[in-house]
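Student: I would like the atomic coordinates for the input below:
(4 chains)
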Number of protein chains: 2
Amino acid sequence: METHRTILQRVSFCAGLPDATIAALARIAALRERTTGSIIQIEGEPAEAMYIVARGRVKISRISHQGREQVLNVIEPGGHFNTVPIFDGGPCPANAEALTDVMLLALPRDPLLRVAEENAVLALALLREFTGRLRHLVNLIDELSLHTVQGRLAGLLIAQAKAAERGEATPPLTQAEMAARLGTVREMVARTLKSFEALGLISLERGVITIHDRAGLVKMREE
Amino acid sequence: METHRTILQRVSFCAGLPDATIAALARIAALRERTTGSIIQIEGEPAEAMYIVARGRVKISRISHQGREQVLNVIEPGGHFNTVPIFDGGPCPANAEALTDVMLLALPRDPLLRVAEENAVLALALLREFTGRLRHLVNLIDELSLHTVQGRLAGLLIAQAKAAERGEATPPLTQAEMAARLGTVREMVARTLKSFEALGLISLERGVITIHDRAGLVKMREE
DNA sequence: ATTGCAAAGTGACTTTTGTCACAATGCCCG
DNA sequence: CGGGCATTGTGACAAAAGTCACTTTGCAAT
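Tutor: Coordinates of the predicted model:
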């Protein structure tokens, strides 16, 4: 039980919650482990629990019937997923897959709803949490609809650079992974990266991208 | 004050709320009227109030610097907008424009937050409301990223048909409006509609689209 | 070392989408 | 009833994105 609690204390929406609320959550939580590549949730299936990521990373995505994938989000430790279907009772909106070996805290639906009803602070914290998701998705829509692959890729590079500066230990993305986030195909990413290199904006080594001209990338992002 | 209350009673997330909560909301609400085409909020600006649509329709959209528009949502009476920035204190995520003459109920930030803190039911109701938004945006991303204009347009026609069946008095969309919802340009919509007509799926008269082969459209939607 | 494989690079081509520039059509209003 | 204007229709292109089919690279495990 003590472990549940220490995990919860590192969760984004738990910051500032009273001890009693965290204790209540800890009481209903159950630990689950999954190995790299395992599918945690499938789009359209019913959801029994909300998950908190204690260790590892989880990819949330939609997949087209031709097999193309659009990544919606990658959940890092302290984040959560499968929250939407818990609160509205509907099916899972997307697939969840373990990108690494992961450790999850499962909060089963009915008990969780009870805790939320009794703790307005929790509901408000989750509300704030959802606003972040909504903003993120709106930005994704903006990029997909209003920007070229070039622009989106420039944006991704900048975002990754910023994350690295903040000290987030993000393992480098493969070009295929970038493509899935950007809503395009691997070849486009390869070609566009090359074109950035030709323009002197970045340089490419296997697995490492070095940014030389951040301002130039920012300009590219506009497209 | 009585008017505020009757308006609130028709709002989606107020269904099931205790009278006292609705009364508290009514007390802090202020009526505002805007005429067709007026801009209610601009992306990036700070937000002082959440708005409930009492009469008319409001378009929520992002606009690229080349002037292309992506509609995120159209809010009908009983719906609300500008909710995200109120709960996280950030800037407005998108533009809001009155599509018709509208009557709004403004709920100013600080008092609203206080009501939410004291009424867990309200927070939970808003939470459920947000889940709907999140699902909607995820679907939009799926369409933009994983479907062709043809598929998206087929989906829009089906959605409009369903809305009409439910008796929603939706004024017919112009092709330019459809384009803004689908993340494309007017000409693409015109051509794709023509191609649907050529396939016998629909027929076109000025301002009216008649669906002949719904199953065929459903198949198109997959693309 | 050799092989085995995932990741990356690339050319040639097709499809889809977007742009531009007009023409045609109706509807509304004076 | 005639003009003006928003909406629609279209052809000719241009640009962006995606597909296919390989090749190349370099790490990693036997």
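
Student: use CA for all of it now, contacts and neighbours both
Tutor: Will do.

Student: elements contacting the worst-scoring helix or strand of chain A on mean pLDDT?
Tutor: Within chain A, no helix or strand scores below helix A:2-9, which has a mean of 88 by mean pLDDT, DSSP states H and E. Where contact means 3 or more Cα pairs under 8 Å, 6 or more residues apart in numbering or on different chains; DSSP states H and E, helix A:2-9 is packed against helix A:19-28.

Student: touching chain B at all, the helix it packs on?
Tutor: No. Judged by Cα under 8 Å from any Cα of the partner chain, helix A:19-28 makes no contact with chain B; its nearest approach is 13.8 Å.

Student: Could you do stretch A:155-175 as well?
Tutor: No. Counting by Cα under 8 Å from any Cα, chain B is not contacted by stretch A:155-175; separation bottoms out at 14.8 Å.

Student: Quick one: mean pLDDT for that stretch?
Tutor: The predicted model assigns stretch A:155-175 a mean pLDDT of 91.

Student: and what of stretch A:49-65?
Tutor: In this model, stretch A:49-65 has an average pLDDT of 95.

Student: which residues touch that stretch?
Tutor: Stretch A:49-65 is contacted from outside by A:7, A:11, A:43, A:69-83, A:86, A:94-109, B:142, B:146, B:222, using Cα atoms under 8 Å, 6 or more residues apart in numbering or on different chains.

Student: So which of those sit within strands?
Tutor: Among these, the members found in strands (DSSP state E) are A:69-75, A:80-81, A:95-98, A:102-108.

Student: Please give me every residue in contact with residue A:200.
Tutor: Going by Cα under 8 Å, 6+ apart, residue A:200 touches A:212, A:213.

Student: before we move on, the earlier item: among the ones in strands among the contacts of stretch A:49-65, which are in reach of chain B?
Tutor: A:69, A:70, A:72.

Student: Report the separation between the first one and residue A:135.
Tutor: This means residue A:69. 21 Å (Cα to Cα, to the nearest Å).

Student: Comparing these two, which shows the higher neighbour count?
Tutor: Neighbour totals were compared for residue A:69 and residue A:135, and residue A:69 leads with 22 against 18 (other Cα atoms under 10 Å in any protein chain shown).

Student: doesn't residue A:180 make contact with that one?
Tutor: Yes. If you go by Cα atoms under 8 Å, residue A:69 and residue A:180 touch, sitting 5.5 Å apart.

Student: what's the neighbour count on residue A:73?
Tutor: Using other Cα under 10 Å, residue A:73 has 17 neighbouring residues.

Student: Now do the top helix by length along chain A and helix B:120-146, the angle between them.
Tutor: Counting residues, the longest helix found in chain A (DSSP state H) is helix A:120-146. For helix A:120-146 against helix B:120-146, the angle by axes from the mean of the first three to the mean of the last three Cα atoms, to 10 degrees is 20 degrees.

Student: Quick one: list the elements packing against helix A:120-146.
Tutor: Using 3+ Cα pairs under 8 Å, 6+ apart, helix A:120-146 sits against helix A:109-118, strand B:69-75, helix B:83-88, helix B:109-118, helix B:120-146.

Student: pLDDT weak spots in chain A?
Tutor: Scanning chain A for pLDDT under 70 picks out A:1-2.

Student: Who are the contact partners of the residue nearest to the spatial centre of chain A?
Tutor: Residue closest to the mean C-alpha point of chain A, counted by Cα atoms, centre = their mean, is residue A:74 at 2.3 Å. By Cα under 8 Å, 6+ apart, the contact list for residue A:74 reads A:57, A:58, A:59, A:60.

Student: picking up where we left off before, list the neighbours of the least confident helix or strand of chain A that are in contact with it.
Tutor: A:14, A:15, A:22, A:23, A:26, A:29, A:30, A:31, A:54, A:78, A:105.

Student: List only buried entries from those.
Tutor: Buried members of those, counted by 16 or more other Cα atoms under 10 Å in any protein chain shown: A:14, A:22, A:23, A:26, A:29, A:30, A:54, A:78, A:105.

Student: Which residue lies closest in space to residue A:31, excluding its sequence neighbours?
Tutor: Among residues not flanking residue A:31 along the chain, residue A:105 sits closest, at 4.7 Å (Cα to Cα, 6 or more residues apart in numbering or on different chains).

Student: meant to ask about residue A:72
Tutor: Leaving aside its sequence neighbours, residue A:72 sits nearest to residue A:61 (Cα to Cα, 6+ apart; 5.1 Å).

Student: The helix or strand encompassing the one you found close to DNA strand C?
Tutor: Per DSSP states H and E: residue A:61 is located in strand A:58-63. No. Contact of strand A:58-63 with DNA strand C (Cα under 7 Å from any atom of the strand) is absent, the minimum separation being 15.0 Å.

Student: can you redo the contacts of helix A:2-9 as CSV with distance to DNA strand C?
Tutor: Putting the contacts of helix A:2-9 into CSV (distance: Cα to the nearest atom of the strand, whole Å) gives the following:
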residue, distance to DNA strand C
A:14, 34
A:15, 35
A:22, 38
A:23, 40
A:26, 36
A:29, 33
A:30, 32
A:31, 29
A:54, 24
A:78, 25
A:105, 28
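
Student: Tabulate those (CSV), appending distance to residue A:204.
Tutor: Below are the contacts of helix A:2-9 laid out as CSV (distance: Cα to Cα, whole Å):
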residue, distance to residue A:204
A:14, 40
A:15, 40
A:22, 46
A:23, 49
A:26, 46
A:29, 44
A:30, 44
A:31, 41
A:54, 33
A:78, 32
A:105, 39
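
Student: nearest to residue A:203, of those residues?
Tutor: residue A:78 (33.0 Å; Cα to Cα).

Student: tell me the contacts of the closest one?
Tutor: A:7, A:8, A:10, A:11, A:12, A:52, A:53, A:54.

Student: repeat for residue A:173
Tutor: Residues near residue A:173 by Cα under 8 Å, 6+ apart: residue A:207.
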